[in-house]
Structures are given as C-alpha cells and as structure tokens.
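Colleague: This is a predicted model, with the sequence first.
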Amino acid sequence: MSTTISLNQFLHEITASLRLTDADLAGAMQSSPRTIERWRAQATFPQHEARRRLDALDALAERLRESLETPEAINAWMHSDNGYLGGLKPIEALRAGRIDRVEAAIEALDSGIFV
C-alpha cells in the first residue's frame with residue numbers, strides 16, 4: 001500500500017478495480033464487514049495477516065489491469081464461471097478468502113490455459 005494515500009482511498013481503489021462490495025472485501029480479507037467499516041473510518045488499521053492480504057489484493061488488481069485492460073473485461077471475468085476454479089466465479093473464490101486461487105486462475109489465463 002502506498003503511503004501517499006489514505007487507507008480509505010486505498011480500499012476504494014481495490015474495491016473499484018476488482019469490482020468488490022465491502023462484503024466481498026470482508027470475505028477476501030477473512031474479516032468482518034464491521035472491521036472493513038472501522039478501517040474505512042481509520043478507527044483501526046490492518047495488522048499482520050490483513051496487511052499481507054491487502055498487498056495480495058493490490059497485486060491481483062494490478063495483474064488484472066495488465067491482463068484484461070478494461071474495467072468491463074475485469075468485471076466480466078470476475079463474474080463468469082471459471083473452469084480453472086472448478087466452475088466457481090473468481091468473485092466467489094475471493095469471497096471465500098482464496099486470493100491465491102484467483103491469482104492462479106489469472107496466471108493460467110495469461111499462460112494460455114483455457115479450462
């Protein structure tokens with residue numbers, strides 16, 4: 001996370017890039033929606049594992065922007081059934097906290113593997 005923007009702005013950028021609701025973000029972060037609210041209000045800040053997960057989401061958002069290029073393409077990919085994910089949509093995998101599986105799915109797409 002960049003130190004030049006607020007935590008709320010950083011969360012906004014990630015949710016906008018990945019087309020996530022705050023409930024989706026809470027699932028990806030393996031935290032509660034209330035925790036996300038507190039982060040947005042800067043009443044508390046992500047610690048240890050949460051910071052690692054935020055970094056992983058930020059890297060995923062960047063990878064998707066590089067690979068799919070447009071917000072529309074990212075949105076379509078995130079909400080489409082994915083054979084690599086066993087028929088799950090990438091958004092569903094994120095909600096389950098499986099950032100790693102979504103990263104692997106975009107890697108497979110970039111490698112030309114279509115399942």
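Modeller: Cool, the structure landed.

Colleague: After the longest helix along the chain, heading C-terminal, what element do we hit next?
Modeller: Ordering each helix of the chain by length in residues (DSSP state H) puts helix 48-68 first. Scanning forward in sequence from helix 48-68 by DSSP states H and E, the next helix or strand is helix 71-78.

Colleague: which residues are contacting the next helix or strand after that next one?
Modeller: Note on helix 71-78: by DSSP H and E, the next helix or strand toward the C-terminus is helix 90-95. If you take Cβ atoms under 8 Å, 6 or more residues apart in numbering as the criterion, helix 90-95 is touched by 18-20, 23-24, 27-28, 77-80, 82, 85, 101-102, 105-106. Where you see a C-beta, it was placed from the backbone N, CA and C, and this is true even at glycine.

Colleague: Averaged pLDDT, helix 90-95. What do you get?
Modeller: Averaged over helix 90-95, pLDDT sits at 93.

Colleague: How about the contacts made by Trp77?
Modeller: Trp77 sits in contact with Leu64, Leu68, Pro90, Leu109, where contact means Cβ under 8 Å, 6+ apart.

Colleague: who's in contact with stretch 19-37?
Modeller: 11, 14-15, 18, 40, 44, 46, 49-50, 53-54, 57, 71, 74-75, 78-79, 91, 94-97, 99.

Colleague: any idea how far the longest helix of the chain is from the chain center?
Modeller: From the chain centre to the centre of helix 48-68 is a distance of 6 Å (Cα atoms, centre = their mean, to the nearest Å).

Colleague: rewinding a little: return the members of the contacts of stretch 19-37 classed as buried.
Modeller: Neighbour-count burial (16 or more other Cβ atoms under 10 Å) applied to those gives 11, 14-15, 18, 40, 46, 50, 53-54, 57, 74, 78, 91, 94-95, 99.

Colleague: Tell me how far stretch 45-53 lies from the chain's centre.
Modeller: Distance of stretch 45-53 from its chain centroid, counting by Cα atoms, centre = their mean, is 14 Å.

Colleague: re earlier: for the contacts of Trp77, please prepare JSON lines with the additional fields distance to Arg34.
Modeller: Formatted as JSON lines, the contacts of Trp77 follow (distance: Cβ to Cβ, whole Å):
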{"residue": "Leu64", "distance to Arg34": "27"}
{"residue": "Leu68", "distance to Arg34": "32"}
{"residue": "Pro90", "distance to Arg34": "25"}
{"residue": "Leu109", "distance to Arg34": "34"}
